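>>> Sequence first, then the predicted structure, then my questions.
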Amino acid sequence: MKSSRQVKDLIKNMSKQRGIHAQLLLRNYMFERLLERIAHSDFNQHFVLKGGVLVASIIGVDLRSTMDMDATIQGYPVNQDAIEKAFLDIVSISLEDGVILSLEKVEPIRDEADYNGFRLSILAQLDQVRLPLKVDLTTGDKITPKEIEYQYQLLLEDRKIEVLAYPIETVLAEKLETMITRGTTNTRLRDFYDIYALLETKKAGFNNDLLQKTFLSTANHRGSEGLLKDGEAILNEVFQSDYMEQLWTRYQQQYPYATDINWKAIENAVLRLWKMSIK
């Protein structure tokens, strides 16, 4: 285990070398400390990692930052008392890494009508550094064919931890389905970036037949299969929208790794995924 001084020095050096804000690297490190505690807990078989932390792990933390952690819960009661008890146990696990985690709050997720779950507020401390973390836990997602055992490479150590995670096909299928159902009302520009990055970096190998099955399974599960016949037309409308292009420009301004990726490149990647996803 590295000392807190070593951790801070490594993050400072990595920040300079890769041109990533040190605070983003520190947040990523703290999420890893939480993930490793989950991996050491009885809860590890119920916690399935998805979202930005997973995408950043696949393509590289220098190509994707995230402010929160997302996971699906399987085979475990999703009520406030059960979730609170599980995470009180998790944050109490000592790994001798100098990090202290405290569960501050558990509250229902109310900002996304499609989701049923809870948002956790966790305080991470390393010496005098205090960093708030958000973890969104949802349930009811369709994972095709099933979750995978994912080898999560640690940021500052040459080792991996094993966690359950979404297969890449489910990651892509959910993002594409959301684009079709939300059309020009979609404000999740990170999904557009993620599809581009996952396809263009070629760091995420996927099975095309499984991608097609997963996309159809996701649409059926979400009740959006009727929209698929109009999928290409909806996507064309999205990419012809000045408003959506403006949203992309704002995303570029906020995240330096997206600066050199124009809207046309995003369109090409999404339409390529669409063609790969339909039979």
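Here it is on my side, so go on. Keep in mind that this is a model prediction, so the values were computed, not measured.
>>> per the record, what domains does the chain have?
Structurally, the chain divides into domains by automatic domain parsing as follows: 4-166, 169-277.
>>> Including mean pLDDT, could those go into a markdown table?
A markdown table is the format used below for the domains of the chain (pLDDT from 0 to 100):
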| stretch | mean pLDDT |
| --- | --- |
| domain 4-166 | 94 |
| domain 169-277 | 95 |
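>>> Just put those in a markdown table and tack on mean neighbour count.
Using the backbone N, CA and C atoms, a C-beta is placed for each residue, glycine as well. Converted to a markdown table, the domains of the chain look like this (neighbours: other Cβ atoms under 10 Å):
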| stretch | mean neighbour count |
| --- | --- |
| domain 4-166 | 17 |
| domain 169-277 | 17 |
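>>> Surely Ala124 is within a strand?
Yes - counting by DSSP: H, G, I helix; E, B strand; the rest coil, Ala124 is part of a strand.
>>> if I pick the residue nearest in space to the middle of the chain, what's in contact with it?
For the chain, the residue nearest the mean C-alpha position is Gly51 (1.6 Å; Cα atoms, centre = their mean). Gly51 makes contact with Thr66, Asp68, Met69, Asp70, Ala71, Asp136, according to Cβ atoms under 8 Å, 6 or more residues apart in numbering.
>>> and the gap between the third one and Ala56?
The reference is to Met69. 10 Å (Cβ to Cβ, to the nearest Å).
>>> Same check on the second one?
In this structure, Asp68 and Ala56 are separated by 12 Å, where distance is defined by Cβ to Cβ.
>>> go on, His46?
Distance from His46 to Ala56, by Cβ to Cβ: 22 Å.
>>> next one: Phe206
17 Å.
>>> excluding its backbone neighbours, what's nearest Tyr243?
Thr184 (6.5 Å; Cβ to Cβ, 6 or more residues apart in numbering).
>>> Quick check: the one you found touching Phe239?
No - here Thr184 does not reach Phe239: they are 9.8 Å apart, not a contact under Cβ atoms under 8 Å.
>>> Determine how far stretch 238-252 lies from the middle of the whole chain.
Chain-centre distance of stretch 238-252: 22 Å, with Cα atoms, centre = their mean, to the nearest Å.
>>> what do you get for stretch 142-153?
13 Å.
>>> So what touches that stretch?
32, 35, 48-49, 54, 57, 72, 74, 160-167, 169-170, 173, 210, 213-214, 217-218, 221-222.
>>> try stretch 178-198
52, 55, 58-59, 63-64, 168, 171-172, 175-176, 204, 222, 224, 227-228, 231, 234-235, 237-238, 241, 243-244, 247-248, 250-251, 255, 258, 261, 265-266, 269-270, 273.
>>> the strands in this protein, which residues?
47-50, 68-73, 99-108, 116-126, 129-139, 148-153, 160-165 (DSSP state E).
>>> right, and those - which one's nearest Lys16?
Counting by Cβ to Cβ, Lys16 lies closest to strand 129-139 out of these; the figure is 18.3 Å.
>>> so what does the lengthiest helix in the chain touch, helix or strand wise?
When the chain is scanned for its longest helix (criterion: DSSP state H), the result is helix 22-39. For helix 22-39, the elements it packs on are helix 4-18, helix 51-59, strand 68-73, helix 80-91, strand 99-108, strand 116-126, strand 129-139, strand 160-165, judged by 3 or more Cβ pairs under 8 Å, 6 or more residues apart in numbering; DSSP states H and E.
>>> quick one, the last one and strand 148-153 angle?
The reference is to strand 160-165. Inter-element angle recorded for strand 160-165 and strand 148-153: 140 degrees (by axes from the mean of the first three to the mean of the last three Cα atoms, to 10 degrees).
>>> Name the strands paired with strand 160-165 and say parallel or antiparallel.
In the sheet, strand 160-165 lines up against strand 47-50 (parallel), strand 148-153 (antiparallel) (DSSP bridges).
>>> Check the contacts of Gly51 and tell me the two furthest apart.
Spanning the widest gap among these are Thr66 and Ala71, at 12.5 Å by Cβ to Cβ.
>>> Tabulate the helices and strands packed on helix 22-39 in a markdown table, adding columns for distance to Arg27.
As requested, the helices and strands packed on helix 22-39 are exported to a markdown table (distance: least, Cβ to Cβ, whole Å):
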| stretch | distance to Arg27 |
| --- | --- |
| helix 4-18 | 10 |
| helix 51-59 | 10 |
| strand 68-73 | 9 |
| helix 80-91 | 16 |
| strand 99-108 | 12 |
| strand 116-126 | 8 |
| strand 129-139 | 6 |
| strand 160-165 | 17 |
